[in-house]
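Visitor: Below: sequence and its predicted model.
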Amino acid sequence: MTYRCFNSSPTLHAPKNRQKKKSSSSPSAKTKKKRQHQSKNNKNQKQPRHRRSGIPDPIEQMHKTEKKEVPQAFLASTASNYAYISKCSVMDEQTGELHVDPKSLFSELNSKRSVLLPKIFRNSHLQYFHPSSFPNFEPPMNGTPEVAFLGRSNTGKSSLINALSSLIQQNAGGSGGSSHGVSSGGGELARTSKRPGRTQTVNYFGLVPNEMTTSMSSSSSSSSKQSPNQSKLYLVDLPGFGYAAAPDESVDEWQKKTQAFLISRASVQGEEAAGAKRITHFGQHDTSPPLKRLYLLIDSRLPEIPLLDLSVMGWCDDYGIPYTIVLTKVDRTSRAHCVKLTNQMCMRYHSHYNDVGQNEDEDEEGVEDDGDVFMDPVVYWTSAKDGLGMEELLLSVENNMFSAEDEYDDVIDDHSEEDYLSTP
């Protein structure tokens, strides 16, 4: 045994037979060759027959060559993020020429950062009127214009009316128009519930000037009540259709009443509408039907437009009832999904629009320019929870309320800044 001195410290040389063995982590050449042979066999076993024979897999080729088709766009965006219009109503499809610039629609809402309230809703509030307020418990017959809201059970009709009422009351400024102290029914104007089918009666909400409420509150008579005749217009909450937490007999009964109500109150264009039972008079001096438009509410969370809603649209077309599509609860779904549903509705309008055009070319009797297209080309997005799309919907209500009234032509044709109330 020998010693070697290194830095003044002795070191003992280990014998050759006691040297450290190689790490087991590094396999030998023989082991490597064996593993490569096994992996090659496994690869040949897993490989499908068409690959070993050189024949391409038809399924793989189909997936490679298949292109994702983008659906045709039937909608056009407006100046608002919560209103879209059917492209065929503003553009010539053959030439591409615009009849109306869609970006000019609802542009007044973007002119200022504050809330813009249409003139008709200024210094006013919505008031619920019990059926006993009307003669013989029947709907009003004095010619006051009205619009109705209809949809599947639990789609948000009552919540939407409450949101509109809140917007009107909170922004009813102007001279003497402060909404402070104005009673609109206390709390929720329309009754809401998570139970489907809560609304089982036709509920009338009148737009009453605030000055009427002030004069009534200052009256010495304690039994004085507001009269429905003071209303400038009515918003009507109709019972929902479809599933409801109620007996089947009750559901059928109130849905039949809803259909009878719409037939008797709606504006039927032409006496030859399929099965239409037109009412020739609605009041002593007014031959115009009071119901100007039906707003059909659809839950935007649904994957597709339900067949039942499409059936209701077809029923409205048959009876000549003007209607507008409103998507509700858009805050609970994606924007892409709302665009998909909106495009489907615009495609439906496109189909009806083209059908009317073909009938015009054939010179069929009883067909007018646009009379048989009862569907509104505009589709609205709303959220009662976040208050989205409420200003756009109020503009639509105002335009449809008085579109047939001569005294309100200036309101429809030209909206100036004076026609709106701007609030910070």
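Guide: Received the coordinates, thanks.
Visitor: What residues of stretch 109-126 count as buried?
Guide: Neighbour counts over stretch 109-126 (16 or more other CB atoms under 10 Å) mark 109, 115-126 as buried. (Glycine included, C-beta is placed from N, CA and C.)
Visitor: What values do phi and psi take at residue 264?
Guide: Main-chain dihedrals, residue 264, degrees, to the nearest 10: phi -80, psi -20.
Visitor: Likewise for residue 389?
Guide: Dihedral angles (degrees, to the nearest 10) for residue 389: phi 80, psi 10.
Visitor: Against residue 157, how distant is it?
Guide: 15 Å (CB to CB, to the nearest Å).
Visitor: neighbour-wise, which of those two wins?
Guide: Neighbour totals were compared for residue 389 and residue 157, and residue 157 leads with 28 against 24 (other CB atoms under 10 Å).
Visitor: Now that one: closest residue in space, sequence neighbours ignored.
Guide: Spatially, and ignoring its direct neighbours in sequence, residue 157 is nearest to residue 149 (4.8 Å; CB to CB, 6 or more residues apart in numbering).
Visitor: show me the contacts for the one you found.
Guide: Applying CB atoms under 8 Å, 6 or more residues apart in numbering to residue 149 gives the contacts 157, 160, 161, 235, 236, 237, 238, 294, 295, 297.
Visitor: redo that, cut-off 6 Å
Guide: By CB atoms under 6 Å, 6 or more residues apart in numbering, the contact set of residue 149 is 157, 237, 295.
Visitor: now do residue 400
Guide: Residue 400 sits in contact with 292, 293, where contact means CB under 6 Å, 6+ apart.
Visitor: element containing it, please.
Guide: Taking DSSP states H and E as the definition, one finds residue 400 inside helix 390-401.
Visitor: same question, residue 378
Guide: strand 375-381.
Visitor: And the strands in the stretch 201-350 of the chain, which stretches?
Guide: 203-209, 234-237, 291-299, 323-328 (DSSP state E, counting those that start in this stretch).
Visitor: Listing partners with orientation, what would you give for the last one?
Guide: I take that to be strand 323-328. Sheet pairing of strand 323-328 (DSSP bridges) gives strand 291-299 (parallel), strand 375-381 (parallel).
Visitor: now those strands as a markdown table including mean neighbour count?
Guide: Formatted as a markdown table, the strands paired with strand 323-328 follow (neighbours: other CB atoms under 10 Å):
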| stretch | mean neighbour count |
| --- | --- |
| strand 291-299 | 23 |
| strand 375-381 | 24 |
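Visitor: Shouldn't residue 126 be within a strand?
Guide: Yes: under DSSP: H, G, I helix; E, B strand; the rest coil, residue 126 sits within a strand.
Visitor: In the sheet, which residues pair with it? Tell me.
Guide: residue 207.
Visitor: okay if I get the contacts of residue 149 as JSON lines plus distance to residue 97 and pLDDT?
Guide: Formatted as JSON lines, the contacts of residue 149 follow (distance: CB to CB, whole Å; pLDDT from 0 to 100):
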{"residue": "157", "distance to residue 97": "39", "pLDDT": "90"}
{"residue": "237", "distance to residue 97": "42", "pLDDT": "92"}
{"residue": "295", "distance to residue 97": "31", "pLDDT": "97"}
